[in-house]
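**Student:** structure for the following, please:
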Amino acid sequence: MVERRHLSRRRRIEEAEITFDHTSLKVMLLDLSDTGARVTLYTPSDVPEVVSLRLPDGSIRVACRRWQRNDEVGFEFLTPIAA
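**Tutor:** The predicted structure follows:
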């Protein structure tokens, strides 16, 4: 498989949380980069196109779902990282 990302991913195994439509789901954060993240859902769910992702450090990123395969979801961040 050819890597198409411009920025490298950092492998993580930490709990995070996604929120949407008055729903909050705990997820396992698998990969993180400056531009996106990959998570595994603990509870099967159809994830909407835009969510808030609370990272382990407490920061919250608005993210767009780019793909979902079963319990794994890939997100692209819509908000830049605060400096």
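
**Student:** worst-scoring helix or strand of the protein, pLDDT-wise?
**Tutor:** When the helices and strands of the chain are scored by mean pLDDT, DSSP states H and E, strand 10-20 comes last with a mean of 86.

**Student:** relative to strand 10-20, how tilted is the following helix or strand past that one?
**Tutor:** Sequence order places strand 23-32 as the next helix or strand after strand 10-20, per DSSP states H and E. Between strand 23-32 and strand 10-20, the angle comes out at 160 degrees (axes from the mean of the first three to the mean of the last three C-alpha atoms, to 10 degrees).

**Student:** which neighbouring elements make contact with the least confident helix or strand of the chain?
**Tutor:** Here strand 10-20 touches strand 23-32, strand 36-41, strand 50-54, going by 3 or more C-beta pairs under 8 Å, 6 or more residues apart in numbering; DSSP states H and E. C-beta here means a position set from N, CA and C on the backbone, and glycine is covered the same way.

**Student:** so what touches the shortest one?
**Tutor:** When contacts are taken as C-beta atoms under 8 Å, 6 or more residues apart in numbering, the neighbours of strand 50-54 outside the stretch itself are 16-20, 37, 39, 60-65, 75, 77-78.

**Student:** if I look at the most centrally placed residue in the chain, how far off is G58?
**Tutor:** Taking C-alpha atoms, centre = their mean, the centroid of the chain lies closest to A37, which sits 4.0 Å from it. For A37, the distance to G58 equals 15 Å [C-beta to C-beta, to the nearest Å].

**Student:** send the alpha carbons of stretch 69-79 over as CSV?
**Tutor:** Taking C-alpha atoms only, stretch 69-79 is exported to CSV below (Å, rounded to 0.1, in the frame of the first residue of the first chain):
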residue,chain,number,x,y,z
ARG,A,69,-15.2,0.5,8.0
ASN,A,70,-17.2,-1.5,10.6
ASP,A,71,-15.9,-0.2,14.0
GLU,A,72,-13.0,1.9,12.6
VAL,A,73,-13.4,5.5,11.5
GLY,A,74,-10.9,7.9,9.9
PHE,A,75,-11.3,11.6,10.6
GLU,A,76,-9.8,14.8,9.1
PHE,A,77,-9.5,17.7,11.4
LEU,A,78,-11.4,20.9,10.3
THR,A,79,-9.8,23.1,12.9
